[in-house]
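>>> this is a predicted model, with the sequence first.
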Amino acid sequence: TYYGTGDISNLEKSYVHSAYGALITKKCVCQGVAEAFKRLMDKAGVDSEIVCSQIVGQDDYHAWNIVKLNDVECFHIDVTWDISDDKPSFLYFGKNDAFIEKTRRWNRTYCTKCQPKKNLFMMARRYVIANKQKLLQQGISLRMLGI
């Protein structure tokens with residue numbers, strides 16, 4: 001659940017900005033989602049970083065991730081903006097700098113450049129199809145797999 005920071009206690013504020021909020025209390029803001037995603041990527045052995053920026057045309061800030069695959073291709077992944085009640089969206093999955101800069105301004109000097117030659121969504125889709133039974137046995141649901 002995306003959890004605003006209005007009338008909540010200081011303890012709750014610390015949770016909503018952390019992986020704990022995303023994974024344990026199931027209430028967080030974009031920073032918590034990005035922190036949780038980074039921890040999951042680290043556990044899977046995938047290089048990742050968290051990016052913080054300002055949303056274009058707003059005073060609000062936002063956090064998402066950059067992942068690096070095979071020590072070559074880098075992609076933006078914004079799990080927060082892809083959260084949906086019905087079915088996961090993949091609009092902000094595996095994007096390049098040009099796509100992301102339409103909605104955000106970040107300090108590119110310190111972030112990995114994302115100019116992928118491959119389509120991450122299609123790479124992931126092929127992996128899921130090829131490993132469907134293995135993923136299901138590991139406890140990943142069909143809904144999570146997007147099938």
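Structure's in. What do you need? Quantities reported herein were computed from a predicted structural model and do not represent experimental measurements. Numbers count the residues shown, from 1 in each chain.

>>> so the residue nearest the centre of the chain versus Gln133, what's the distance?
Central residue of the chain (Cα atoms, centre = their mean): Val79, 3.2 Å from the mean position. Using Cβ to Cβ, to the nearest Å, Val79 is found at 25 Å from Gln133. (Each C-beta comes from the backbone N, C-alpha and C, glycine too.)

>>> could you do Val16 as well?
With distances taken as Cβ to Cβ, Val16 is found 36 Å from Gln133.

>>> now do the contacts for the residue nearest to the centre of the chain.
Neighbour list for Val79: Val33, Ala34, Phe37, Trp64, Asn65, Tyr92 [criterion: Cβ atoms under 8 Å, 6 or more residues apart in numbering].

>>> swap the cut-off to 7 Å and go again
For Val79, the contacting residues are Val33, Phe37, by Cβ atoms under 7 Å, 6 or more residues apart in numbering.

>>> and the nearest residue to Arg108 once chain neighbours are set aside, how many neighbours?
Of all residues not flanking Arg108 in the chain, Asp97 sits nearest, at 7.3 Å (Cβ to Cβ, 6 or more residues apart in numbering). Using other Cβ atoms under 10 Å, the number of residues around Asp97 comes to 17.

>>> surely Asp97 touches Cys114?
Yes. In this structure, Asp97 is within contact of Cys114 by Cβ atoms under 7 Å, at 5.0 Å.

>>> so where is this structure shaky, pLDDT-wise?
The chain contains residues with pLDDT under 70 at 4-6, 84-86, 146-147.
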